[in-house]
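**Student:** Mind folding the following:
(chains A and B)
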Amino acid sequence: DAGVTQSPTHLIKTRGQQVTLRCSPISGHKSVSWYQQVLGQGPQFIFQYYEKEERGRGNFPDRFSARQFPNYSSELNVNALLLGDSALYLCASTQGSEAFFGQGTRLTVV
Amino acid sequence: KQEVTQIPAALSVPEGENLVLNCSFTDSAIYNLQWFRQDPGKGLTSLLLIQSSQREQTSGRLNASLDKSSGRSTLYIAASQPGDSATYLCAVRRDYKLSFGAGTTVTVRA
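**Tutor:** Residues are numbered from 1 along each chain as shown, chains lettered A, B, ... in the order given. Okay, here's the model as predicted:
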(Lines give C-alpha, C1' and ligand atoms only; values in the text may rest on other atoms or scores of the structure.)
Protein backbone atom coordinates (compact mmCIF):
# COMPACT_ATOMS: atom_id res chain seq x y z
CA ASP A 1 0.00 0.00 0.00
CA ALA A 2 1.19 3.51 -0.75
CA GLY A 3 1.95 5.71 2.22
CA VAL A 4 1.04 9.36 2.57
CA THR A 5 2.02 11.16 -0.61
CA GLN A 6 2.68 14.89 -0.92
CA SER A 7 3.28 17.08 -3.93
CA PRO A 8 5.32 18.89 -4.97
CA THR A 9 8.48 17.85 -3.10
CA HIS A 10 10.15 21.22 -3.51
CA LEU A 11 8.83 24.67 -4.35
CA ILE A 12 10.33 28.14 -4.66
CA LYS A 13 8.01 31.14 -4.47
CA THR A 14 8.41 34.90 -4.30
CA ARG A 15 7.15 37.01 -1.39
CA GLY A 16 3.51 37.97 -1.84
CA GLN A 17 2.67 34.98 -4.03
CA GLN A 18 0.21 32.21 -3.20
CA VAL A 19 0.98 28.49 -2.96
CA THR A 20 -1.05 25.27 -2.89
CA LEU A 21 0.33 22.06 -1.41
CA ARG A 22 -1.32 18.67 -1.90
CA CYS A 23 -1.61 15.54 0.18
CA SER A 24 -3.10 12.08 -0.39
CA PRO A 25 -3.64 10.04 2.78
CA ILE A 26 -3.16 6.33 3.18
CA SER A 27 -6.04 4.45 1.61
CA GLY A 28 -8.91 4.17 4.08
CA HIS A 29 -7.68 6.98 6.33
CA LYS A 30 -10.27 9.75 6.72
CA SER A 31 -8.26 12.18 8.83
CA VAL A 32 -5.58 14.49 7.43
CA SER A 33 -3.46 16.96 9.39
CA TRP A 34 -0.96 19.61 8.30
CA TYR A 35 2.19 20.65 10.16
CA GLN A 36 4.88 23.26 9.55
CA GLN A 37 8.47 22.46 10.47
CA VAL A 38 10.98 25.29 10.53
CA LEU A 39 14.63 24.26 10.40
CA GLY A 40 15.89 23.09 13.77
CA GLN A 41 12.45 22.92 15.38
CA GLY A 42 9.74 20.32 15.85
CA PRO A 43 6.65 20.38 13.62
CA GLN A 44 3.89 22.83 14.56
CA PHE A 45 0.22 21.91 14.07
CA ILE A 46 -1.66 23.92 11.43
CA PHE A 47 -4.95 22.09 10.65
CA GLN A 48 -6.79 18.83 11.06
CA TYR A 49 -9.60 17.66 8.79
CA TYR A 50 -11.85 14.67 9.30
CA GLU A 51 -14.55 13.64 6.87
CA LYS A 52 -14.10 16.95 5.02
CA GLU A 53 -14.72 19.07 8.11
CA GLU A 54 -12.16 21.18 9.94
CA ARG A 55 -11.69 19.67 13.40
CA GLY A 56 -8.86 21.82 14.67
CA ARG A 57 -6.71 24.79 13.81
CA GLY A 58 -3.34 25.81 15.22
CA ASN A 59 -2.01 29.28 15.93
CA PHE A 60 -1.49 30.35 12.33
CA PRO A 61 -2.75 33.50 10.54
CA ASP A 62 -5.76 33.54 8.23
CA ARG A 63 -3.38 33.48 5.25
CA PHE A 64 -3.30 29.74 5.86
CA SER A 65 -6.32 27.73 4.74
CA ALA A 66 -7.05 24.14 3.86
CA ARG A 67 -9.73 21.84 2.61
CA GLN A 68 -10.41 18.13 2.28
CA PHE A 69 -12.03 16.50 -0.71
CA PRO A 70 -14.55 13.61 -0.94
CA ASN A 71 -11.67 11.17 -1.64
CA TYR A 72 -10.03 12.43 1.64
CA SER A 73 -7.11 14.10 -0.14
CA SER A 74 -6.31 17.59 1.08
CA GLU A 75 -4.87 20.91 -0.01
CA LEU A 76 -3.10 23.53 2.07
CA ASN A 77 -3.15 27.07 0.71
CA VAL A 78 -0.96 29.92 1.87
CA ASN A 79 -1.61 33.45 0.58
CA ALA A 80 0.62 36.52 0.61
CA LEU A 81 3.75 34.51 1.29
CA LEU A 82 6.33 35.86 3.72
CA LEU A 83 9.99 34.91 4.04
CA GLY A 84 9.10 33.33 7.39
CA ASP A 85 6.79 30.84 5.66
CA SER A 86 9.87 29.03 4.36
CA ALA A 87 9.67 25.59 5.95
CA LEU A 88 9.02 21.90 5.46
CA TYR A 89 5.26 21.32 5.31
CA LEU A 90 4.22 17.89 6.49
CA CYS A 91 0.97 16.07 5.98
CA ALA A 92 -0.16 13.23 8.24
CA SER A 93 -3.01 10.77 7.97
CA THR A 94 -4.39 9.07 11.04
CA GLN A 95 -6.43 5.94 11.55
CA GLY A 96 -7.22 5.22 15.16
CA SER A 97 -4.28 6.30 17.30
CA GLU A 98 -1.24 6.37 15.04
CA ALA A 99 -0.17 9.20 12.75
CA PHE A 100 1.70 8.49 9.51
CA PHE A 101 3.57 11.28 7.79
CA GLY A 102 4.46 11.99 4.19
CA GLN A 103 7.88 13.09 2.95
CA GLY A 104 6.91 16.73 3.07
CA THR A 105 7.03 19.71 0.73
CA ARG A 106 10.03 22.00 1.10
CA LEU A 107 8.81 25.57 0.49
CA THR A 108 11.37 28.31 -0.02
CA VAL A 109 10.15 31.92 -0.17
CA VAL A 110 12.59 34.39 -1.72
CA LYS B 1 -0.51 24.79 26.44
CA GLN B 2 1.44 21.54 26.09
CA GLU B 3 5.22 21.98 26.16
CA VAL B 4 7.42 19.08 25.02
CA THR B 5 11.15 19.07 25.78
CA GLN B 6 13.81 16.70 24.52
CA ILE B 7 17.19 16.38 26.19
CA PRO B 8 19.91 16.25 25.01
CA ALA B 9 19.58 18.24 21.79
CA ALA B 10 22.44 16.29 20.24
CA LEU B 11 24.28 13.07 21.03
CA SER B 12 27.36 11.40 19.52
CA VAL B 13 28.25 7.82 20.44
CA PRO B 14 30.54 5.07 19.12
CA GLU B 15 28.95 2.17 17.30
CA GLY B 16 27.63 -0.53 19.62
CA GLU B 17 26.80 1.77 22.51
CA ASN B 18 23.24 1.92 23.82
CA LEU B 19 21.29 5.15 23.27
CA VAL B 20 18.99 6.81 25.81
CA LEU B 21 16.80 9.66 24.59
CA ASN B 22 14.57 11.64 26.94
CA CYS B 23 11.26 13.40 26.40
CA SER B 24 9.25 15.38 28.94
CA PHE B 25 5.84 17.02 28.65
CA THR B 26 3.98 19.46 30.89
CA ASP B 27 0.35 18.30 30.58
CA SER B 28 -0.18 14.66 31.59
CA ALA B 29 -3.70 14.53 30.08
CA ILE B 30 -2.50 12.89 26.88
CA TYR B 31 -4.11 10.29 24.65
CA ASN B 32 -0.85 8.72 23.49
CA LEU B 33 2.83 9.37 22.80
CA GLN B 34 4.63 8.61 19.56
CA TRP B 35 8.35 8.45 18.75
CA PHE B 36 9.48 9.37 15.24
CA ARG B 37 12.71 9.27 13.27
CA GLN B 38 13.58 12.02 10.78
CA ASP B 39 16.45 11.90 8.29
CA PRO B 40 17.79 15.26 7.03
CA GLY B 41 15.23 17.06 4.87
CA LYS B 42 12.82 14.11 4.97
CA GLY B 43 9.48 13.33 6.53
CA LEU B 44 8.79 11.52 9.78
CA THR B 45 8.91 7.75 10.21
CA SER B 46 6.88 6.36 13.08
CA LEU B 47 8.95 4.17 15.41
CA LEU B 48 6.76 3.40 18.40
CA LEU B 49 3.32 4.36 19.67
CA ILE B 50 2.49 4.14 23.38
CA GLN B 51 -1.11 4.52 24.49
CA SER B 52 -1.68 6.52 27.68
CA SER B 53 -2.67 3.33 29.52
CA GLN B 54 0.58 1.55 28.61
CA ARG B 55 3.94 1.68 30.35
CA GLU B 56 6.19 0.61 27.48
CA GLN B 57 6.43 -0.62 23.90
CA THR B 58 9.15 -2.61 22.17
CA SER B 59 10.11 -3.12 18.54
CA GLY B 60 13.34 -4.90 17.74
CA ARG B 61 16.24 -2.93 19.24
CA LEU B 62 13.89 -0.11 20.29
CA ASN B 63 12.12 0.18 23.61
CA ALA B 64 10.09 3.16 24.80
CA SER B 65 8.73 3.75 28.28
CA LEU B 66 6.01 6.14 29.41
CA ASP B 67 5.41 7.60 32.89
CA LYS B 68 2.36 9.72 32.29
CA SER B 69 2.01 10.97 35.85
CA SER B 70 5.50 12.47 35.83
CA GLY B 71 5.29 13.58 32.19
CA ARG B 72 8.26 11.56 30.93
CA SER B 73 9.11 9.11 28.19
CA THR B 74 12.42 7.48 27.34
CA LEU B 75 13.49 5.85 24.09
CA TYR B 76 16.20 3.20 24.36
CA ILE B 77 18.07 2.01 21.27
CA ALA B 78 20.24 -1.03 21.92
CA ALA B 79 23.57 -1.71 20.21
CA SER B 80 23.56 1.43 18.06
CA GLN B 81 24.63 1.31 14.40
CA PRO B 82 25.75 4.08 12.01
CA GLY B 83 22.37 3.69 10.26
CA ASP B 84 20.69 4.89 13.46
CA SER B 85 22.11 8.38 12.86
CA ALA B 86 19.09 10.69 12.54
CA THR B 87 16.94 13.11 14.51
CA TYR B 88 14.49 11.49 16.92
CA LEU B 89 11.29 13.35 17.80
CA CYS B 90 8.71 12.61 20.43
CA ALA B 91 5.13 13.83 20.13
CA VAL B 92 2.17 13.71 22.51
CA ARG B 93 -1.43 13.63 21.34
CA ARG B 94 -4.33 15.34 23.03
CA ASP B 95 -7.58 15.65 21.10
CA TYR B 96 -6.87 16.26 17.44
CA LYS B 97 -3.25 17.38 17.39
CA LEU B 98 0.30 16.26 18.09
CA SER B 99 2.65 18.47 20.10
CA PHE B 100 6.30 17.86 19.25
CA GLY B 101 9.62 18.33 20.92
CA ALA B 102 12.50 19.86 18.95
CA GLY B 103 14.22 16.49 18.69
CA THR B 104 17.52 14.85 19.61
CA THR B 105 20.04 14.57 16.77
CA VAL B 106 22.00 11.34 17.08
CA THR B 107 25.33 10.57 15.42
CA VAL B 108 26.67 7.02 15.67
CA ARG B 109 30.40 6.88 14.85
CA ALA B 110 31.71 3.80 13.05
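
**Student:** Quick check: which ranges of the chain have low pLDDT?
**Tutor:** Reading this off chain A. Along chain A, segments meeting pLDDT under 70 span A:1.

**Student:** Now do the contacts for the residue nearest to the spatial centre of chain A.
**Tutor:** A centroid search over chain A (CA atoms, centre = their mean) returns residue A:34, at 3.6 Å, as the residue closest to the centre. Contacts of residue A:34 were listed using CB atoms under 8 Å, 6 or more residues apart in numbering or on different chains, and they are A:23, A:45-48, A:66, A:74, A:76, A:89-92. (Glycine included, C-beta is placed from N, CA and C.)

**Student:** Let's see that with 6 Å instead.
**Tutor:** When contacts are counted by CB atoms under 6 Å, 6 or more residues apart in numbering or on different chains, residue A:34 is found next to A:46-47, A:76, A:91.

**Student:** Let's see if you can find the most crowded of those residues.
**Tutor:** Ranked by neighbour count (other CB atoms under 10 Å in any protein chain shown), these have residue A:91 at the top, with 30 neighbours.

**Student:** Does that residue lie in a helix or a strand, and which?
**Tutor:** Using DSSP states H and E, the element containing residue A:91 is strand A:87-95.

**Student:** Past that strand, which element shows up next along the chain?
**Tutor:** Going down the chain from strand A:87-95, the next helix or strand is strand A:98-101, by DSSP H and E.

**Student:** do that next one and chain B meet at all?
**Tutor:** Yes - under the criterion of CB under 6 Å from any CB of the partner chain, chain B is reached by strand A:98-101 at A:98, A:101.

**Student:** so what does that strand touch, helix or strand wise?
**Tutor:** Where contact means 3 or more CB pairs under 6 Å, 6 or more residues apart in numbering or on different chains; DSSP states H and E, strand A:98-101 is packed against strand A:87-95.

**Student:** Can you list the strands that the strand it packs on pairs with?
**Tutor:** Partner strands for strand A:87-95, per DSSP bridges, with pairing direction: strand A:31-37 (antiparallel), strand A:98-101 (antiparallel), strand A:105-109 (antiparallel).

**Student:** Setting aside sequence neighbours, what's the nearest residue to the residue of chain B found nearest chain A?
**Tutor:** With CB to the nearest CB as the measure, residue B:100 is the residue of chain B nearest to chain A, at 3.2 Å. The spatially closest residue to residue B:100, leaving aside those adjacent along the chain, is residue A:42, at 3.2 Å (CB to CB, 6 or more residues apart in numbering or on different chains).

**Student:** quick one, what contacts that neighbour?
**Tutor:** Residues in contact with residue A:42 (CB under 6 Å, 6+ apart) are B:89, B:100-102.

**Student:** The same query, at a cut-off of 10 Å, please.
**Tutor:** Under the criterion of CB atoms under 10 Å, 6 or more residues apart in numbering or on different chains, the contact list for residue A:42 reads A:35, B:4, B:6, B:36, B:38, B:44, B:87, B:89-91, B:98-103.
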